[in-house]
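**Student:** fold the following, please.
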Amino acid sequence: MNKVQYYLNDIVELKKPHPCGSKTWKVTRTGIDFALRCQGCGHRIMISRKEFERAVKRVISSDRQTSP
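**Tutor:** Below is the predicted model:
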């Protein structure tokens, strides 16, 4: 099973919407904790890696290119 790599400035869609209605978040910090910024209202949160990986539905856009 391959682990998904997450990078700075990735735009991810979470399973549950933020109270503002947006489901898209920008990754602003990676590591043991993740910092995210809501693309709808700009609210910032910090969550653990475990919680983040459970909450992510898909990566919408990434600055990194996948290797063959």
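**Student:** all strands for this structure, in order.
**Tutor:** Listed in chain order, the strands found in the chain under DSSP state E are 11-14, 24-29, 33-38, 44-48, 56-61.
**Student:** buried set for the shortest one?
**Tutor:** Same thing as strand 11-14. 12, 13, 14 (16 or more other CB atoms under 10 Å). C-beta here means a position set from N, CA and C on the backbone, and glycine is covered the same way.
**Student:** can you tell me which residues contact the spatially closest residue to residue 15 that is not a sequence neighbour?
**Tutor:** Excluding its sequence neighbours, the residue lying closest to residue 15 (CB to CB, 6 or more residues apart in numbering) is residue 57, at 5.0 Å. Applying CB atoms under 8 Å, 6 or more residues apart in numbering to residue 57 gives the contacts 12, 13, 14, 15, 23.
**Student:** max pairwise distance over these: which two?
**Tutor:** Spanning the widest gap among the contacts of residue 57 are 12 and 15, at 10.5 Å by CB to CB.
**Student:** shared neighbours, those two?
**Tutor:** 56, 57.
**Student:** shaky segments in this structure?
**Tutor:** 1-2, 65-68 (pLDDT under 70).
**Student:** what is the residue nearest in space to the middle of it paired to in the beta sheet?
**Tutor:** The chain has residue 12 as the residue nearest its centroid, 4.1 Å off, counting by CA atoms, centre = their mean. Going by DSSP bridges, residue 12 is paired in beta bridges with residue 25, residue 59.
**Student:** so it is in contact with residue 23, correct?
**Tutor:** No - the criterion here is CB atoms under 8 Å, and residue 12 misses it with residue 23 at 9.1 Å.
**Student:** coming back round to it: looking at the buried residues of strand 11-14, which is nearest residue 41?
**Tutor:** Using CB to CB, the buried residues of strand 11-14 come closest to residue 41 at residue 14, 14.1 Å.
**Student:** ok, back up a step: so the residue nearest to residue 15 versus residue 24, what's the distance?
**Tutor:** 10 Å (CB to CB, to the nearest Å).
**Student:** joint contacts of the two?
**Tutor:** 12, 13, 14.
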